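1. Test case, fold it:
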Amino acid sequence: MPAKVECVRGNIADQPDIDVVVNAANAALRPGGGVAGALHRAAGPELEQACRPLAPIEPGQAVITEAFGLPNRHVIHCLGPVYGRDRPEAELLAACYRNALELAERHGLASIAFPALSAGAFGYPLEEVARIALATVRETLPRCPGIAKVRFVLFDAGSTKVFQRTLTSRDQTL
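-> As a prediction, the model looks like this:
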């Protein structure tokens, strides 16, 4: 049975029915603003302590920790590319989603929730993030048979609409 892929508006730090949430991390894996700040605040100081020995990470890379105070089993931390600076940005962004899915599969996690990696402070155009993210997930899922659900959790109605429209579109090529 193929994995269910869905796009919802919500808070990435409040996904109790999901095994692993993905953090839009910075290279140092430190608390910050946006997704990283929300996840670190909800998880508690243990998350930052668990991240220290794993840092720094490079764009496209994914690492995993426990979730601590979050309602999930784990957190996968991905460093997305900064648009216009990290090259090749589309390949690095796709690597984030692919590496996170493969890491979830290796750890026996059946459900994963992603934010729109690189779309916030890193300046990546949202429509491109949606296209690359959804195409990469569709391309990678056949190699991850243990994953039953992929959820994209978007912060606002506009972002949710862009992801939902892209999800139903036939053009999701990389």
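2. Contact partners for the residue lying closest to residue 19 once chain neighbours are set aside?
-> Distances taken as Cβ to Cβ, 6 or more residues apart in numbering put residue 109 closest to residue 19, at 4.0 Å, once the chain neighbours are dropped. (Glycine included, C-beta is placed from N, CA and C.) Taking Cβ atoms under 8 Å, 6 or more residues apart in numbering, we find residue 109 in contact with 19, 20, 73, 74, 146, 147.
3. Please repeat the previous calculation with a cut-off of 10 Å.
-> Contact analysis of residue 109 by Cβ atoms under 10 Å, 6 or more residues apart in numbering lists 18-20, 64, 72-74, 76, 101, 103, 144, 146-148.
4. Which pLDDT value belongs to it?
-> Looking at residue 109, its pLDDT reads 98.
5. check contacts around the residue nearest the centre of the chain.
-> The centre of the chain sits closest to residue 114, judged by Cα atoms, centre = their mean, with a distance of 3.3 Å. Neighbouring residues of residue 114 by Cβ under 10 Å, 6+ apart: 7, 12, 20-24, 35, 76, 78, 96-97, 100-101, 133-134, 137, 150-154, 163.
6. Likewise for residue 49?
-> Under the criterion of Cβ under 10 Å, 6+ apart, the contact list for residue 49 reads 65, 68.
7. Surely residue 66 touches residue 75?
-> Yes. Contact criterion Cβ atoms under 10 Å: residue 66 and residue 75 qualify, at 7.5 Å.
8. count of neighbours near the closest residue to residue 52 other than its chain neighbours?
-> Spatial nearest neighbour of residue 52, excluding adjacent residues (Cβ to Cβ, 6+ apart): residue 29 at 7.4 Å. For residue 29, the count of nearby residues is 24 (other Cβ atoms under 10 Å).
9. Equivalent analysis for residue 102, please.
-> Residues within reach of residue 102, counting by other Cβ under 10 Å, total 15.
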